[in-house]
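K.L.:
Give me a 3D structure for the following:
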Amino acid sequence: MDNWSYISHATATSVVEWLFEGGDDLWKPCGEGEWSMISDDLPMDILQPVIDQVPLEANLGEVLLSRLVPGQFISLHVDGQKEGWITRVHVPITTNADCKMVFEDEEVHFEVGKAYGFNTQVLHGCHNHGHSDRVHLMFDLHG
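P.N.:
Model (predicted):
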C-alpha cells in the first residue's frame, strides 16, 4: 500500500471548517452501516489544494467526502472500477485511533496528514470503534 506524507494540516483544516459550517444537512446516507458521503456540490476550491499535494500524474476521477460516525462500519467488499482506473486515494481529514481500514485480514489506521492509495479491487472495508467522526476525502485516479 502506498502512503504519501505530503498533506498539510492547513488544507485539511479548511475542509473541516467547511464541513462544520454546513452541518449534518450536507451528508447523504449510504446504506449498510449507515455511513454517509458528500459527492455533489463539493467545494473544489477548498478540496483541490489537498488533492494537488498528492504526488501523482494521473487524471482525477470521482471525488467525495466519506463520514463514518462512532459505531458505524462498511462491510468487507470489492469495488468495480472503470477502464483506465489506477488507484483510490484516501486523505483523512478527521479520524481517531480506533477507526481502521480493513484489507482482507489486516487492519490499518489511516493518519491525518497523509494520503493513502490502495487497490479497491481487493477485499476491504472499515469500522469506527472510536468516539469521534472519521471523515476522509476520497478520489479515484485514472490513466
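K.L.:
The residue in the chain sticking out farthest from the centre and Ile51, how far apart?
P.N.:
Each residue of the chain has a distance to the centre, and by CA atoms, centre = their mean the biggest one is for Glu83: 21.4 Å. Noted for Glu83: a distance of 22 Å to Ile51, by CB to CB, to the nearest Å. Every C-beta, even on glycine, is put in place using the N, C-alpha and C of the backbone.
K.L.:
So Asp98 sits against His129, correct?
P.N.:
Yes. With contact defined as CB atoms under 8 Å, Asp98 reaches His129; the gap is 4.2 Å.
K.L.:
The nearest residue to Thr94 once chain neighbours are set aside: what's it in contact with?
P.N.:
Spatial nearest neighbour of Thr94, chain neighbours left out: Val135 (4.7 Å); criterion: CB to CB, 6 or more residues apart in numbering. By CB atoms under 8 Å, 6 or more residues apart in numbering, the contact set of Val135 is 15-16, 19, 65-67, 92-95.
K.L.:
what bridges to Val135?
P.N.:
Taking DSSP bridges as the rule, Val135 bridges to Arg67, Thr94.
K.L.:
Number the chain from 51, please
P.N.:
Understood, numbering begins at 51; the last thing we discussed is Val185.
K.L.:
Which pLDDT value does the model give it?
P.N.:
The confidence metric pLDDT takes the value 90 at Val185.
K.L.:
Give me the three-state assignment for Gly73.
P.N.:
What DSSP: H, G, I helix; E, B strand; the rest coil gives for Gly73 is helix.
K.L.:
how about the contacts of Val185 in CSV, adding distance to Pro93, pLDDT and neighbour count?
P.N.:
What follows is the contacts of Val185, written out as CSV (distance: CB to CB, whole Å; pLDDT from 0 to 100; neighbours: other CB atoms under 10 Å):
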residue, distance to Pro93, pLDDT, neighbour count
Val65, 8, 70, 21
Val66, 12, 66, 14
Leu69, 9, 69, 21
Leu115, 10, 87, 23
Ser116, 16, 88, 20
Arg117, 15, 89, 22
Pro142, 18, 89, 21
Ile143, 12, 87, 25
Thr144, 16, 87, 16
Thr145, 20, 93, 20
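K.L.:
Nice, that's everything, thank you.
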